[in-house]
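Peer 1: Pasted the sequence and its predicted model underneath.
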Amino acid sequence: MKNILLIGFMGVGKGTVAREFTKNSDLFAIDCDDLIESLENRKIKEIFKEDGESYFRDLEKKTALWLEKSVKNAIISTGGGFYKVKNLKKIGTVVLLDSSFEAILQRILNHPNAKNKLAKRPLFNSPKEAKKLYNQRSKEYKKVADIVINVENKSPKEIVDEIKKAL
Ligand code: S3P
């Protein structure tokens with residue numbers, strides 16, 4: 001089986017869905033931001049602060065090349081900007097988790113650890129700026145996706161079932 005890549009905006013639930021996907025399966029879940037943090041031995045927030053966004057984007061490209069070369073049979077959750085890497089489609093089947101911005105914001109704010117969820121995402125500092133980014137990206141996400149799943153008001157299990165049906 002090919003890798004499955006989950007793309008979509010910050011806070012849409014890519015990591016949660018990837019972990020749900022591994023239940024009752026022999027797939028491993030891999031998270032691109034986790035790979036980058038372990039490669040750099042520091043948090044995403046620190047990478048942005050100390051070296052800036054373009055340095056981080058280069059790390060995403062490096063991670064994408066490694067995934068293409070070295071990873072098979074995995075469900076891979078990506079950061080919200082990872083969809084721009086050139087070899088995206090070579091890594092696996094691209095599944096977009098789609099949602100309105102308002103539902104994403106609610107999802108984050110409803111989380112018991114909402115403060116931390118926002119603090120660890122440098123590009124979600126202000127909802128106004130994040131919404132602008134969302135508007136810029138939403139069409140681009142759809143362009144690169146092989147499969148689009150609307151995730152609003154759905155449980156992780158329902159989302160996984162829909163992805164499996166669509167594959
Ligand atoms: C980013 C999303 C983040 C993380 C970084 C940049 C983006 O990942 O990769 O802060 O450009 O949308 P999540 O989508 O998991 O929040």
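Peer 2: In hand now; what should we look at?
Peer 1: Could you work out the end-to-end span of stretch 40-54 for me?
Peer 2: 15 Å (CA to CA, to the nearest Å).
Peer 1: same deal with stretch 147-164?
Peer 2: 11 Å.
Peer 1: Spell out which residues of the chain are next to the ligand.
Peer 2: By CB under 6 Å from any ligand atom, the residues of the chain that approach the ligand are 10, 33, 44, 79-81, 121-123. (Glycine included, C-beta is placed from N, CA and C.)
Peer 1: Which one (most neighbours) among those?
Peer 2: Scoring these on neighbours with other CB atoms under 10 Å, the highest-scoring entry is D33 at 23 neighbours.
Peer 1: Not counting its neighbours along the chain, what's nearest that one?
Peer 2: G79 (5.0 Å; CB to CB, 6 or more residues apart in numbering).
Peer 1: you'd agree P122 is up against D51?
Peer 2: No: using CB atoms under 8 Å as the test, P122 is too far from D51 to be in contact (11.7 Å).
Peer 1: what ranges do the helices span in this protein?
Peer 2: 14-21, 32-40, 44-51, 53-70, 88-91, 101-110, 114-119, 127-144, 156-166 (DSSP state H).
Peer 1: Lowest average confidence across the ones you listed, which one?
Peer 2: Note on those: lowest mean pLDDT is at helix 114-119, with a mean of 90.
Peer 1: Can you list the buried residues in it?
Peer 2: 117-118 (16 or more other CB atoms under 10 Å).
Peer 1: Which neighbouring elements make contact with that helix?
Peer 2: helix 101-110 (3 or more CB pairs under 8 Å, 6 or more residues apart in numbering; DSSP states H and E).
Peer 1: For the helix it packs on, could you pull out the residues that count as buried?
Peer 2: Applying 16+ other CB under 10 Å to helix 101-110 flags 101, 103-105, 107-108 as buried.
Peer 1: just these now: which is nearest N24?
Peer 2: R107 (24.8 Å; CB to CB).
Peer 1: Show me how far the longest strand along the chain is from its chain's centre.
Peer 2: For the chain, the strand with the greatest residue count under DSSP state E is strand 92-98. Counting by CA atoms, centre = their mean, to the nearest Å, strand 92-98 is centred 9 Å from the centre of its parent chain.
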